[in-house]
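K.L.:
Kindly return the folded structure for what I paste below:
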Amino acid sequence: MKASHFEDDDDTDESSVESDDVEMLDSDDDESVDVQQDENESDDENFCAKLAAKMNDDNGDDDDDDDEAEDSSSNDDDDDEDFGNEKSKSRKSRKRQAERRREEQETSRRETALADGTADDNPETAGDFERLLAGEPNNSELWIRYMAFYLSLADIPSARKVAEKAFNRIEFRQEKEKLNVWSALLTLEHRYGSEETFQDAIDQACKQNNPKQVYLRACEIRANDVEKSSNDSSSVSKADTLFATMCKKHKSKKKVWLAHMQYLLRQSRHQDAHALMKRAMLSLATHKHAETMSKFAQMEFELGSPERGRTIFDGLLLKYNKRLDLFYVYLDKECKYGNVEHARSMLEKKVDERKLSDRQMKSLFKKWYRMEEEHGTEETQECVKESARAYVTTSRN
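P.N.:
As a prediction, this is how the structure comes out:
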């Protein structure tokens, strides 16, 4: 019993020992594992620390790279700006050089023009005009071109000053030249001035020139304005007023009445024109009636109705039967407007009347023959010769 008991104890002890050994081993293993885990955790912590440091270094490098990139970009921008400034300066320099070359070329051209005399034909500066006018102060064309030069520069006051200078420098005997400059000034005031300045120019011009001529020029300016404006009501009203004023101031002058009649016919105002002619006959002297009516009849041929023109001429020749000058004007108008047959019949009738002197008849046959040379044939020319021979034979008998 003791032996077994002892054996059991040994077994128990061995088992206990083994168990203790196992527990110790397990404990050692656990400690080893814990140590290993601690070491691993320590290694992980070290690795993370190193990785973080590495990342910080990388970020620092990136920041440095960014700074370097920014510095590089800034340098590039500075370089571009410097290049742009240099390019702008170069462009301005080229422009200045080009301007200098143009000025030099213009100066050279002007010197050449002065040397060969072409500057006198085409003055281009105020100096050119002054130099030319110093030699020809009475040349109205030069003065007017000088005025036009300033008008092309939109310098109206200077153009007026040129006109005033012309009035002072043109000799008083050169009335036509002065009137031409006054006409240019009237045109200037009409286009660029006011109604007051235009009327003032007319009044001043009348003091220094023939008033009738001044009004004729002024009315011509107004009439041209009506045509250019396509019969604008305002332009027509201004022109009508000025023509009426002219005829009232110079009612004894046939030329002003004729100018007014022509103005009305150009606007196809035939009734107004015929009414004006009747008024003119009341205002004009009797010896001016025939010529005034003849002029008006010619205007009808040209601007109105040839038929109305014939009516006026026929009535005129009934009253002035021996006025060959009126008869010839009538013939010329008929030939001009293609009615040669009527002109021929008029000549034949005039020859058959035998109311003219021999000298007048000779003139009549010459007129007839020249007309046939221009508008007829050899047969009609021969007829004129036969008619002339017959007249000579009859007159001798």
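K.L.:
ok, for Phe198, nearest residue in space, not its chain neighbours?
P.N.:
Leaving out its chain neighbours, the residue that sits closest to Phe198 by C-beta to C-beta, 6 or more residues apart in numbering is Glu189, at 4.4 Å. Every C-beta, even on glycine, is put in place using the N, C-alpha and C of the backbone.
K.L.:
what sits against that neighbour?
P.N.:
Contact analysis of Glu189 by C-beta atoms under 8 Å, 6 or more residues apart in numbering lists Thr197, Phe198, Asp200, Ala201.
K.L.:
Give me the buried entries from the residues you listed.
P.N.:
Neighbour-count burial (16 or more other C-beta atoms under 10 Å) applied to those gives Phe198, Ala201.
K.L.:
For the closest residue to Ser268 other than its chain neighbours, give me its contacts.
P.N.:
Spatial nearest neighbour of Ser268, excluding adjacent residues (C-beta to C-beta, 6+ apart): Gly304 at 7.8 Å. Residues in contact with Gly304 (C-beta under 8 Å, 6+ apart) are Leu265, Ser268, His270, Ala273.
K.L.:
Switch these over to TSV; also include neighbour count.
P.N.:
Converted to TSV, the contacts of Gly304 look like this (neighbours: other C-beta atoms under 10 Å):
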residue	neighbour count
Leu265	21
Ser268	12
His270	15
Ala273	23
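K.L.:
Now distance to Ser294 and pLDDT too, for those, in JSON lines please.
P.N.:
Formatted as JSON lines, the contacts of Gly304 follow (distance: C-beta to C-beta, whole Å; pLDDT from 0 to 100):
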{"residue": "Leu265", "distance to Ser294": "15", "pLDDT": "97"}
{"residue": "Ser268", "distance to Ser294": "22", "pLDDT": "94"}
{"residue": "His270", "distance to Ser294": "18", "pLDDT": "95"}
{"residue": "Ala273", "distance to Ser294": "15", "pLDDT": "97"}
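K.L.:
would you turn those into CSV with secondary structure and distance to Lys253?
P.N.:
As requested, these are exported to CSV (DSSP: H, G, I helix; E, B strand; the rest coil; distance: C-beta to C-beta, whole Å):
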residue, secondary structure, distance to Lys253
Leu265, helix, 19
Ser268, coil, 25
His270, helix, 23
Ala273, helix, 18
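K.L.:
which two in those residues are spaced the farthest apart?
P.N.:
By the measure C-beta to C-beta, Ser268 and Ala273 form the most distant pair in the contacts of Gly304, at 9.4 Å.
K.L.:
Leu264 and Lys295, how far apart?
P.N.:
14 Å (C-beta to C-beta, to the nearest Å).
K.L.:
Between the two, point out the one with more neighbours.
P.N.:
Leu264 (23 against 17; other C-beta atoms under 10 Å).
K.L.:
that older thread, wait, which of the contacts of Glu189 is closest to Asn122?
P.N.:
Within the contacts of Glu189, the smallest distance to Asn122 is 29.2 Å, found for Ala201 (C-beta to C-beta).
K.L.:
contacting residues around that closest one?
P.N.:
Contacts of Ala201 (C-beta under 8 Å, 6+ apart): Trp182, Leu185, Leu186, Glu189, Gly193.
K.L.:
One more pass at 7 Å, please.
P.N.:
Counting by C-beta atoms under 7 Å, 6 or more residues apart in numbering, Ala201 touches Leu185, Leu186, Glu189.
K.L.:
tell me the secondary structure for the first one?
P.N.:
Think Leu185. helix (DSSP: H, G, I helix; E, B strand; the rest coil).
K.L.:
For Glu372, give its distance to Phe313.
P.N.:
Counting by C-beta to C-beta - Glu372 and Phe313 are separated by 21 Å.
K.L.:
Then Ser387?
P.N.:
Separation of Ser387 from Phe313 (C-beta to C-beta): 23 Å.
K.L.:
Could you check which of the two is surrounded by more residues?
P.N.:
Using other C-beta under 10 Å, the more surrounded residue of Ser387 and Phe313 is Phe313, with 24 against 17.
K.L.:
ok, that one - contacts?
P.N.:
Contacts of Phe313 (C-beta under 7 Å, 6+ apart): Ala297, Tyr330.
K.L.:
what's the answer for the one 4 residues further on, then?
P.N.:
Contact criterion C-beta under 7 Å, 6+ apart gives Leu326, Phe327 as the residues in contact with Leu317.
K.L.:
Name the helix or strand for it, please.
P.N.:
Assigned by DSSP states H and E, Leu317 belongs to helix 306-319.
K.L.:
Check which helices and strands the following helix or strand past that helix sits against.
P.N.:
Tracing the chain past helix 306-319, the next element assigned as helix or strand by DSSP H and E is helix 324-336. On a contact count with 3 or more C-beta pairs under 7 Å, 6 or more residues apart in numbering; DSSP states H and E, helix 324-336 meets helix 289-303, helix 306-319, helix 340-353, helix 358-375.
K.L.:
I'd like those as a markdown table, with mean pLDDT and distance to Tyr330 appended.
P.N.:
Below are the helices and strands packed on helix 324-336 laid out as a markdown table (pLDDT from 0 to 100; distance: least, C-beta to C-beta, whole Å):
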| stretch | mean pLDDT | distance to Tyr330 |
| --- | --- | --- |
| helix 289-303 | 97 | 8 |
| helix 306-319 | 95 | 4 |
| helix 340-353 | 94 | 7 |
| helix 358-375 | 95 | 11 |
